[in-house]
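> coords below, sequence missing:
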């Protein structure tokens, strides 16, 4: 008998526990709840934390996040206004602000992610298609400065932009919120995370970059050859100038030496008779030495100066 009472007591306790668990539920600080009955929402959403009560077994609780939620878009191929095809990858942060409306329109977060993809991808495509590539890439107008890289060419200014990426993102955010205003959510931020050319355009861009590098290399090579020719020309000119100056100085020295020798000869000739005879004798001997050798035969007149010196020697 006691055994049956124990079983009945345990059964009643279990039933009561199940009844309590089905009746009472907890809402955390980061949660909000929509109560549904037979699949349809009942009453207002519960957004304050604490213990709450619902009708057991008939009503069900649907939890939704209060915190910011993520949406990461897939890369989409988009043409810009200037007909350049690029891949655009975006991301966004959003929040459920009206859980009841959110449940009615989207049911759960999976439905919300799908709807956000439709809205954000469409708005991103529309706004990028209405702007040139420079507007999507750059944030502001600025004057380019050189980084000091070899071969880098810097113009006066980059092409001017009217809006830039930040304003385009703001417009995408505003337009997306206008379309999502009846979904019970708010889109907090939209950002373009990555831009890239499609494969075909990438090949063209790389080829253009290679051509530009080759052009710069040829320019440097041409400038180098021109500078080398200039240096060689200056070297040849300086060499000819040095040679001409050296020749001029050599001729001046030679002329000065000849003048001094002539003066010496004239001075020697104008000296006394004995000195003149000695000088004549020495010059005659030098003439003999330079003109004759042991095998030379000569015929001299008796009136010749050389003959006179030969007679005296004998």
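That came through, no problem. It should be emphasised that the depicted structure is a prediction, and the values quoted were computed from it without experimental measurement.
> ok, residue 183 touching residue 103?
No - taking contacts as C-beta atoms under 8 Å, residue 183 lies outside contact range of residue 103: 10.6 Å. (Each C-beta comes from the backbone N, C-alpha and C, glycine too.)
> Now do the longest helix anywhere in the chain: distance to the chain's middle.
Counting by DSSP state H, the longest helix found in the chain is helix 199-269. How far helix 199-269 lies from its chain's middle: 39 Å, per C-alpha atoms, centre = their mean, to the nearest Å.
> What is that helix packed up against?
Helices and strands in packing contact with helix 199-269 are listed as strand 85-96, helix 273-291; criterion 3 or more C-beta pairs under 8 Å, 6 or more residues apart in numbering; DSSP states H and E.
> Is residue 92 bridged to anything, and to what?
residue 71, residue 190 (DSSP bridges).
> sorry, that was for residue 41
residue 36.
> Could I get the contacting residues of it?
Residues in contact with residue 41 (C-beta atoms under 8 Å, 6 or more residues apart in numbering) are 34, 35, 100, 103, 104.
> What separation do you get for residue 252 and residue 262?
16 Å (C-beta to C-beta, to the nearest Å).
> typo on my end, it should be residue 163
96 Å.
> Repeat that for residue 210.
From residue 210 to residue 262 the distance is 77 Å (C-beta to C-beta).
> Next, residue 174: secondary structure please.
Following DSSP: H, G, I helix; E, B strand; the rest coil, residue 174 is assigned to helix.
> Return the per-residue confidence for it.
Looking at residue 174, its pLDDT stands at 95.
> Counting neighbours, what do you get for it?
If you count neighbours by other C-beta atoms under 10 Å, residue 174 ends up with 12.
> same deal with residue 240?
The tally of other residues near residue 240 (other C-beta under 10 Å) stands at 10.
> again, but for residue 182
By other C-beta under 10 Å, the residues close to residue 182 number 11.
> Specify the local secondary structure of it.
Under three-state DSSP, the three-state class of residue 182 is coil.
> Phi, psi for it please.
phi -100, psi 20 (degrees, to the nearest 10).
> Just list the residues touching it, thanks.
Applying C-beta under 8 Å, 6+ apart, the residues contacting residue 182 are 101, 105.
> separation between it and residue 33?
Going from residue 182 to residue 33 by C-beta to C-beta gives 21 Å.
> quick one: residue 27 from residue 45, how far?
According to C-beta to C-beta, residue 27 stands 10 Å off from residue 45.
> which residues do these two both contact?
residue 33.
> State the pLDDT value of the nearest residue to residue 28 once chain neighbours are set aside.
Counting by C-beta to C-beta, 6 or more residues apart in numbering, residue 49 is the residue found nearest to residue 28 once chain neighbours are left out, at 5.9 Å. At residue 49, the pLDDT value in this model is 91.
> and residue 49, how far is that from residue 184?
20 Å.
> between these two, who's got more neighbours?
Shown here are residue 49 and residue 184; by other C-beta under 10 Å, residue 184 has more neighbours (21 against 14).
> which phi and psi does that one have?
Dihedral pair for residue 184: phi 80, psi 20, per degrees, to the nearest 10.
> per-residue confidence at it?
pLDDT, residue 184: 93.
> That one touches residue 100, doesn't it?
Yes - taking contacts as C-beta under 8 Å, residue 184 lies within contact range of residue 100: 7.0 Å.
> ok, back up a step: settle it for me: which of residue 163 and residue 262 has more neighbours?
Using other C-beta under 10 Å as the criterion, residue 163 and residue 262 rank with residue 163 on top: 16 against 10.
> Assign that one to helix, strand or coil.
Under three-state DSSP, residue 163 comes out as coil.
> related to what we said a few turns ago, between the longest helix of the chain and strand 85-96, what angle do the directions make?
Angle of helix 199-269 versus strand 85-96, following axes from the mean of the first three to the mean of the last three C-alpha atoms, to 10 degrees, is 120 degrees.
> where does this structure have low pLDDT?
1, 143-158, 201, 205, 268-280, 305-314 (pLDDT under 70).
> Could you list the domains of this protein?
Annotated domains of the chain cover 2-65, 69-142+160-197, 282-314 [automatic domain parsing].
> Out of those, which is closest to residue 230?
domain 69-142+160-197 (37.8 Å; C-beta to C-beta).
> Report the separation between the two terminal residues of that closest one.
29 Å (C-alpha to C-alpha, to the nearest Å).
> likewise stretch 55-70?
One end of stretch 55-70 sits 34 Å from the other (C-alpha to C-alpha).
> how far does it sit from the chain's center?
Worked out by C-alpha atoms, centre = their mean, stretch 55-70 lies 51 Å from the chain centre.
> Just the buried positions in that stretch, please.
Buried positions in stretch 55-70, judged by neighbour count with 16 or more other C-beta atoms under 10 Å: 59, 61, 62, 64, 66, 69.
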